[in-house]
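Undergrad: model this:
(one chain, ligands or ions: 2)
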Amino acid sequence: MENEYKPAWALNDEYELLYDLHTHTTYSHGTGSVEDNVREAMNKGLGFIAISDHGPGHLFYGINRNDFAYLKNDIEKMNVKYPKLMVKMSVEANTVHGGNGLDIKPEEFEEFDFVIAGFHFGLFGCSSIRNWLWSHGIRWGEEKLRKKNTEMIIRALRANDIAILTHPGDKGPFDIRAIAEVCAQTNTLMEINCRHDHLTEEEIQIAMEVPGVQFILSSDAHEPGKVGECSVGLERALRAGLNPERIVNIRRRI
Ligand SMILES: [Zn+2]
Ligand SMILES: [Zn+2]
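TA: Ligands and ions are numbered 1, 2, ... in the order given. From the prediction side, this is the model:
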């Protein structure tokens, strides 16, 4: 019965989630272990999950570089223990202005199955303070900041193989259209994050105007129970008028 239909995780009456590639554990800012997240994904019928803790540059929540080997070991054990679920090792790198544009160096990419990346406060070299002020309503110099932020993201996208751009538009002003154009060129999925409000409905509408851009729903779970919880993101996408076929990790329920 190889082709027997196995239900995945229902997001609403019409769609279900196939995989969740953005989840955190105690290696960074999450509350659960790798196995806690994996078990939750199994319980929800997902076929594929990634552990993507915060990049090591983050001063408060970043994964310790010395823990890469332990994380890899945990993940290998999970793939043996739960052969029906694919577990991959990722990292949510932080975007910065200098170097290769990320806090994961080019020679470190081979440690991971794939790298996802996004903008966060909490490290140097990414206009954290200016963006934090902007997020709290102090918006002088907004256009200059938008230009600088957008350049930071585009540079990171072009200089690295980034699978997913996480919560684009979060925590500062960004030119979503320009970023979407580069995501289409670099085959980078734009994330509809279910823990943060970005992409917002308006940002989805801007990004979906760009041909070739594809989207992914992520829980960005910081606790195991949230793994796979992507209904709010799907609702946001549908309200924006996005064709659900452009979301790579959902399918129609039978
Ligand atoms: Zn994030
Ligand atoms: Zn995250």
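Undergrad: For stretch 218-235, which outside residues touch it?
TA: Residues external to stretch 218-235 that are found in contact with it (C-beta atoms under 8 Å, 6 or more residues apart in numbering): 9, 11-12, 15, 17, 20-24, 29-32, 36-37, 39-41, 44, 46, 49, 164, 166-167, 191-196, 217, 244, 247, 250. Where you see a C-beta, it was placed from the backbone N, CA and C, and this is true even at glycine.
Undergrad: Up against ligand 2, what does the stretch 151-254 of the chain have?
TA: Residues of the stretch 151-254 of the chain lying near ligand 2 by C-beta under 5 Å from the ion: Asp220.
Undergrad: same thing but at 8 Å, please
TA: Applying C-beta under 8 Å from the ion, one finds that the stretch 151-254 of the chain approaches ligand 2 through Thr166, His167, Asn193, Arg195, Ser218, Asp220, His222.
Undergrad: Filter those residues down to just the buried residues.
TA: Thr166, His167, Asn193, Arg195, Ser218, Asp220, His222 (16 or more other C-beta atoms under 10 Å).
Undergrad: so the third one sits right up against Leu199, yeah?
TA: Yes - using C-beta atoms under 8 Å, Asn193 is in contact with Leu199, at 7.4 Å.
Undergrad: any shared contact partners between these two?
TA: Shared contacts of Asn193 and Leu199, defined by C-beta under 8 Å, 6+ apart, comprise His167.
Undergrad: give the contact list for the nearest residue to Asp175 once chain neighbours are set aside.
TA: Leaving aside its sequence neighbours, Asp175 sits nearest to Thr150 (C-beta to C-beta, 6 or more residues apart in numbering; 4.2 Å). Counting by C-beta under 8 Å, 6+ apart, Thr150 makes contact with Phe174, Asp175, Ala178, Ile179.
Undergrad: Surely Thr150 is within a helix?
TA: Yes - using DSSP: H, G, I helix; E, B strand; the rest coil, the secondary structure at Thr150 is a helix.
Undergrad: The closest residue to ligand 1 within the stretch 1-150 of the chain: neighbour count?
TA: Here the stretch 1-150 of the chain gets closest to ligand 1 at one residue, Gly118, 4.7 Å apart by C-beta to the ion. Gly118 has 27 neighbours, counted by other C-beta atoms under 10 Å.
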